[in-house]
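**Student:** Mind folding the following:
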Amino acid sequence: METAEVLKRVRKIEILARKRIDATFSGEYESLFKGRGMSFDEVRPYSPGDDIRFIDWNVTARMGSLYIKKFVEERELTVLLLVDRSSSAFFGTKRRIKSELVTEISALLGLTALRNNDRVGLIIFTSEVERFIPPKKGKSHVLRLIRELVVFEPKKTQTGLSEALAFLNRAIKRRSVVFLISDFMADISTYEKPLAIANKKHELVALQINDPAEKRLPEIGWAFLEDAETGEKIVINTAEKRFNSLFAGKSERSENSMLRFFQRLGVDRLVIQTSDNYMPKLLGFFRKRRKKASKI
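**Tutor:** Okay, here's the model as predicted:
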């Protein structure tokens, strides 16, 4: 794309995102993520009623009386957008293709983090990590991230969730809020271990982006289909009821397996379709997570 066209698209996405970042959404983001991290500040003498789990036994032994560790809330967060740009991301049959929806949602999250004075970084991956922009603050930085998502052209075609998560675990030392945005079209067994590690090290949120046609094919008769990631080709009759039944059944089993997988690892997942109005879904998801966190 020409530079003027790129700037125009980035500006359009920014305006759209800012319109959707109202006080409600920004407030939900802040109430959910702010204050979830605590850092050590100092030690002070123990007072009756203090939590005994925070007694500093080393200082207590040296001073001969009880001292307790004092922590302060970390007001500044690091937000990582871990974005899948494998070939299946460029599929869509409804309002937009998946990659366009991912760019919109990433812009929304990045600009919300900017409003809350957080650092934001970006990892774009296919079967390998193809782009890494370390977390920083500032409007120009967030606009750069949006631009990267607009113009990025992947070198590889397949999905490497394991490689992306392993890179995250190596490169990002500080505990961060990580939005893993993908269609998760990969064998669960290949990325289970690094996903579990990432979920322990960071506050991980999985945003699964799908298209309705991936769950139920439209009945258009004979069709030629090609797997965007593997190149496998087949010819099918989408009007055949038996085929549609088998396809829908396989999709349902895959969804149930994915649901159990994320539940077992304790990773919160939100599924968004290319046909969805995603704002109510994101708000509801954040509120649900906040309520669950308040009970822990």
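
**Student:** Quick one: residues in contact with the one helix or strand Ile209 maps to.
**Tutor:** Using DSSP states H and E, the secondary-structure element containing Ile209 is strand 203-210. Counting contacts by C-beta atoms under 8 Å, 6 or more residues apart in numbering, the residues outside strand 203-210 that touch it are 33, 36, 89, 98, 101-102, 105, 175-184, 195, 198, 258, 262, 267-274, 289. Glycine gets a C-beta too; all of them are placed from N, C-alpha and C.

**Student:** Please flag which of those sit within helices.
**Tutor:** Among the contacts of strand 203-210, the members falling in helices are Phe33, Lys98, Leu101, Val102, Ile105, Leu195, Ala198, Met258, Phe262, Arg289 (criterion: DSSP state H).

**Student:** Now which of those residues would you call buried?
**Tutor:** Burial of the ones in helices among the contacts of strand 203-210 was assessed by neighbour count (16 or more other C-beta atoms under 10 Å); the buried members are Phe33, Lys98, Leu101, Val102, Ile105, Leu195, Ala198, Met258, Phe262, Arg289.

**Student:** Return the closest of these with respect to Arg20.
**Tutor:** Out of these, the one with the shortest distance to Arg20 is Ile105. That distance is 10.0 Å, counting by C-beta to C-beta.

**Student:** what about stretch 213-232, how long is it end to end?
**Tutor:** Distance across stretch 213-232, first residue to last, is 18 Å (C-alpha to C-alpha, to the nearest Å).

**Student:** what is the mean pLDDT for that stretch?
**Tutor:** Taken as a whole, stretch 213-232 carries a mean pLDDT of 72.

**Student:** and if you look at stretch 64-75?
**Tutor:** For stretch 64-75, the mean pLDDT works out to 76.

**Student:** Likewise for stretch 16-25?
**Tutor:** Mean predicted lDDT for stretch 16-25 stands at 84.

**Student:** I'd like the distance between the residue positioned nearest the centre of the chain and Leu217.
**Tutor:** Nearest to the mean C-alpha position of the chain, by C-alpha atoms, centre = their mean, lies Phe179 at 2.1 Å. Phe179 sits 30 Å away from Leu217, going by C-beta to C-beta, to the nearest Å.
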